[in-house]
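Asks: dropping a prediction and its sequence here:
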Number of protein chains: 2
Amino acid sequence: MLQPQDIIRLEDEAVVVLDQTRLPAERVERRCTTVAELIEAIRVLAVRGAPALGVAGAMGIALAARSAPEHPLGMRQYLAEQGALLQAARPTAVNLAWGVAEALAELDRDVRGVQEARGRIAARARRIQDEEVARCRAMGRHGAALFGERPELMTQCNTGGLATGGYGTALGVVHALAERGADPHVYVPETRPLLQGARLTAYELAEAAIRHTLVTDNATGAILREGVVQGILVGADRIAANGDTANKIGTYNLAVLARHHDVPFYVVAPTSTIDPATPSGAAIPIEQRAAAEVTGFGGVVTAPAATGARNDAFDVTPAELVTAIVTEHGVLRAPYDLRGERPDG
Amino acid sequence: MLQPQDIIRLEDEAVVVLDQTRLPAERVERRCTTVAELIEAIRVLAVRGAPALGVAGAMGIALAARSAPEHPLGMRQYLAEQGALLQAARPTAVNLAWGVAEALAELDRDVRGVQEARGRIAARARRIQDEEVARCRAMGRHGAALFGERPELMTQCNTGGLATGGYGTALGVVHALAERGADPHVYVPETRPLLQGARLTAYELAEAAIRHTLVTDNATGAILREGVVQGILVGADRIAANGDTANKIGTYNLAVLARHHDVPFYVVAPTSTIDPATPSGAAIPIEQRAAAEVTGFGGVVTAPAATGARNDAFDVTPAELVTAIVTEHGVLRAPYDLRGERPDG
């Protein structure tokens, strides 16, 4: 299995990420020595996944702190600006803003100087990653308890270690099942347009020697109709206070198909993904990405030049289609009131 | 709009097809001078779509008749063998077998010799194409009457002139709406794995200057949830006697989504697609295609080498999810009993 420091780590002079745009063909690291470089890495999805974006946001503030003005007030203003830029890199995942805010909060503590603030922010950023992984392991335990031996599962996108800075959310449940010896089998939809299922989830499952079958996003209904899948496990980019869940485009299709076939549909996400300030899914901004992601793939243009495309990066699954939300604290069931659900400490 | 003879035509020495594997990048014809070459063109989907396969099957028999033994009995046996090979090229679409059988039936008539049989078979094959286009225009009229002005529609795969040898089934309804001046707008799912939506449907709509928006197969639910789509129009590769419909993989997903959102779901297909000998969808063979279509695209491998894939070319939509079946005879509604629905003359 991929280790957390292989996926994202804070060094003295850089945030180093495993470049997920190059997987599975090659395993290459991308060194971001400035916030601008990190923002670019976030924009092109070299680092991605809501929990991992939280880690990246905090590490980005730690990176910015190195080049911040030496005066406390100047530093504070500079880091707030850099934090706003980081947050704007991707609008849907609330974790990115959360990680930035957690790192900035170190400035509110009683620090004796700029140097100490830098140290505290760096330590906080690294701790967020450790805590995220610990939360994933807790979610994995809670989620794995929902299934028996040799479960047949389905997921969407990538919610593994790559998406979280280690272990994974929905895929963390699969890892936990495998560690328990339950021998899970996972149907992996490729997840167009950027194929995180084919490129990243299949890669992680192959690395961990977990049984899996890649399918197109079109094949999910036919498979569910066969009646063997016992649960669909997805992550979340933002969960509103009422349980409405924004996640990778296509998640809503799976939720509707799950309901039609009476298959439990589980959202697996740390409480850092819950946004109490968002009352319902209608208030979640949906990132629109370039049409070229849809009109082509891997440098191959697939559509006529005259054809326009729409490319919502996410969709919203209403809470009534969510069987349960698995967080690090346990398994929550409807009706959801998530205003008090926040990370520990 | 593409003309029938641009898509497939029978010449003296060849069946000539527009190579759909090369669209939309280039418009190249593929000349098949033997049945083996035509079978290869069918297998790689250079020519595809249930009604077009019916035309191709009949034209294939006409091509075979040219090199058949000069003795009537020998000719009959040879053409039956060639017909069996043609039929086996793709197992799901009943039209291919139907077109072959229609052409072979000319041998049962009172023919005076091998030369006359050849002429009759060729004429029958060309007539099947003409009739298929006429049926498409009739379906287009019946289907267009279901919608008002500026309708918002969604489709799947390609069911246009390219799929039928001219005009189209589900896309024929769109053409008929455009000809009526209704100014339709069509959401076009790209239709992985082979992207017939992106490559072919978008191409036909762009050629006909009909408004359309390309989306990934994952985006269909989010769009339907917006409540603007007034109907989903799909084709069929085989319709069982009870109305269960085999069509391109992903059609079933759309049917379930349509039901969840109260959007009418129409199957548009000529009666040559109905197989009275198939009582229900459970009896329809589903073609399994190569895993490489899922693990990559356009020469780009997207999944790890260790990852296996499943690639059903079609799925089955149960009749209870089909709002109506539009044939050349009119609009049929549930409960379906299609045993008597056959092409005229």
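Replies: Nice, thanks for sending it over. Source: prediction; values computed, not measured.

Asks: mind giving me the domain ranges of chain A?
Replies: A:4-136, A:138-332 (automatic domain parsing).

Asks: those: which one's closest to chain B?
Replies: domain A:138-332 (2.9 Å; CB to the nearest CB). Any C-beta I mention is one placed from the backbone N, CA and C, and that applies to glycine too.

Asks: what sits against residue A:220?
Replies: A:154, A:187, A:189, A:253-254, A:257, B:253 (CB atoms under 8 Å, 6 or more residues apart in numbering or on different chains).

Asks: return the most buried member of the domains of chain A.
Replies: Mean neighbour count, computed with mean count of other CB atoms under 10 Å in any protein chain shown, is highest for domain A:138-332 among these, reaching a mean of 23.

Asks: now do that domain: distance to the chain's middle.
Replies: Relative to the chain's own centre, domain A:138-332 is displaced by 10 Å; criterion: CA atoms, centre = their mean, to the nearest Å.

Asks: OK, contacts around residue A:245?
Replies: A:234, A:236, A:238-239, A:251, A:267, A:269, A:281, A:316-317, A:319, A:322, A:325.

Asks: among the domains of chain A, which is nearest residue B:120?
Replies: Nearest to residue B:120, of all these, is domain A:138-332, at 40.2 Å by CB to CB.

Asks: and that closest one, end to end?
Replies: End-to-end span of domain A:138-332 (CA to CA, to the nearest Å): 14 Å.

Asks: pLDDT on it, on average?
Replies: Mean pLDDT, domain A:138-332: 96.

Asks: mind telling me what element residue A:79 is part of?
Replies: helix A:72-88 (DSSP states H and E).

Asks: contacts made by that helix with the rest, please.
Replies: With CB under 8 Å, 6+ apart, helix A:72-88 has contacts from A:35, A:38-39, A:42, A:56-57, A:60-61, A:64-65, A:68-69, A:96-97, A:100-101, A:103-104, A:107, A:111, A:113-114, A:117.

Asks: those residues in helices, which ones?
Replies: The helices, defined by DSSP state H, take in A:35, A:38-39, A:42, A:56-57, A:60-61, A:64-65, A:96-97, A:100-101, A:103-104, A:114, A:117 from the contacts of helix A:72-88.

Asks: name the SS class of residue A:186, please.
Replies: State at residue A:186, reduced to three classes by DSSP: H, G, I helix; E, B strand; the rest coil: strand.

Asks: grab the nearest non-local neighbour of it.
Replies: Sequence neighbours aside, residue A:212 is the residue nearest to residue A:186 in space, at 4.4 Å (criterion: CB to CB, 6 or more residues apart in numbering or on different chains).

Asks: sec struct for that neighbour, please.
Replies: Assigned with three-state DSSP, residue A:212 falls in the strand class.

Asks: isn't it right up against residue A:203?
Replies: No - between residue A:212 and residue A:203 there is no contact under CB atoms under 8 Å: 10.3 Å.

Asks: list residues touching both of these two?
Replies: Residues touching both residue A:212 and residue A:203 by CB under 8 Å, 6+ apart: none at all.

Asks: residues making contact with stretch A:144-155?
Replies: Residues external to stretch A:144-155 that are found in contact with it (CB under 8 Å, 6+ apart): A:170-171, A:173-174, A:176-177, A:180, A:182-189, A:197, A:201, A:220, A:223-224, A:228-234, A:254, A:264, A:266, A:324, A:326, A:331.

Asks: the residue nearest to residue A:186 and residue B:153, how far apart?
Replies: 36 Å (CB to CB, to the nearest Å).

Asks: do the same with residue A:37
Replies: From residue A:37 to residue B:153 the distance is 44 Å (CB to CB).

Asks: tell me where the stretch 101-250 of chain A has helices.
Replies: Secondary structure of the stretch 101-250 of chain A, counting by DSSP state H, counting those that start in this stretch: helices at A:114-144, A:161-164, A:170-179, A:196, A:202-207, A:220-225.

Asks: make CSV from these and add distance to residue B:82 to it.
Replies: Formatted as CSV, the helices of the stretch 101-250 of chain A follow (distance: least, CB to CB, whole Å):
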stretch, distance to residue B:82
helix A:114-144, 56
helix A:161-164, 52
helix A:170-179, 50
helix A:196, 46
helix A:202-207, 42
helix A:220-225, 33
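
Asks: so which of those helices comes closest to residue A:25?
Replies: helix A:202-207 (9.9 Å).

Asks: can you list contacts of that closest one?
Replies: If you take CB under 8 Å, 6+ apart as the criterion, helix A:202-207 is touched by A:1-2, A:23-24, A:158, A:160-162, A:168, A:171, A:174, A:186, A:188, A:211-212, A:214, B:303-304, B:306-307.

Asks: ends of stretch A:176-192, how far apart?
Replies: Start-to-end, stretch A:176-192 (CA to CA) is 27 Å.

Asks: wait, residue A:23 sits on residue A:199?
Replies: Yes - with contact taken as CB under 8 Å, residue A:23 and residue A:199 are classed as touching, separated by 5.4 Å.

Asks: near chain B, which residues of the stretch 101-250 of chain A?
Replies: Within the stretch 101-250 of chain A, the positions adjacent to chain B are A:188, A:190-193, A:195, A:198-199, A:202-203, A:205-206, A:212-223, A:225, A:248-250 by CB under 8 Å from any CB of the partner chain.

Asks: which among the contacts of residue A:220 gets closest to residue A:138?
Replies: Nearest to residue A:138 among the contacts of residue A:220, with distances taken as CB to CB, is residue A:154, at 22.7 Å.

Asks: show me which of the contacts of residue A:245 is closest to residue B:8.
Replies: Once CB to CB is applied, the member of the contacts of residue A:245 that ends up nearest residue B:8 is residue A:251, at 40.4 Å.

Asks: roughly how far apart are the residue nearest to residue A:269 when sequence neighbours are not counted and residue A:272?
Replies: Excluding its sequence neighbours, the residue lying closest to residue A:269 (CB to CB, 6+ apart) is residue A:236, at 3.9 Å. According to CB to CB, residue A:236 and residue A:272 sit 10 Å apart.
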